[in-house]
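A.B. asks: I'd like to go over a predicted model; first the sequence, then the structure.
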Amino acid sequence: MPERNPETHVIDFRAAEQLLAARDPRGAVQLLDSVIASHSENTAARLLRARAFFAAAQLRPAELEFELVLEREPDNAFAHFALARTFERSGHPERATRHFRLAAALDPNPEYLKAARFDAEG
């Protein structure tokens, strides 16, 4: 196996983005594992891995990654929205609502506002 270096990790990250776009989330996770093993503080890699876990229907790992991203970046509207979708998909709508609303409060993206359902009770 070739030696892993920072350039290799950048290549792996970009390849993981392409794999996720090509609907191969498990392949993306495999590439990102080595990136994160060497750069655990890399929030972008963790966010991409969370998205890949979600796309692969690995909801608990996705939840953990999104939560880690939010510990580091509590104002990341996309991470709140994605975590909410994860909770929604795993059958926890009450937990989802909180994060949908946080996402909408941080970014008035129409998709976030619609999901937040501010006009609904709850």
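C.D. replies: Arrived safely. Numbering: from 1, shown residues only.
A.B. asks: Report all helices and strands that the helix ranked longest in the chain contacts.
C.D. replies: Scanning the chain for the helix with the most residues, using DSSP state H, yields helix 6-21. Applying 3 or more Cβ pairs under 8 Å, 6 or more residues apart in numbering; DSSP states H and E, we find helix 6-21 packed against helix 25-38, helix 43-55. Where C-beta positions appear, they are placed from N, C-alpha and C, glycine not excepted.
A.B. asks: can you redo the ones you listed as JSON lines with distance to Ser90?
C.D. replies: Output for those, formatted as JSON lines (distance: least, Cβ to Cβ, whole Å):
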{"stretch": "helix 25-38", "distance to Ser90": "16"}
{"stretch": "helix 43-55", "distance to Ser90": "10"}
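A.B. asks: To Glu67, which of these lies closest?
C.D. replies: For Glu67, the closest of the helices and strands packed on helix 6-21 is helix 43-55, at 8.8 Å, according to Cβ to Cβ.
A.B. asks: any idea of the mean pLDDT for that closest one?
C.D. replies: Helix 43-55 shows an average pLDDT of 98 in the prediction.
A.B. asks: May I see the buried residues of that helix?
C.D. replies: 43, 45-55 (16 or more other Cβ atoms under 10 Å).
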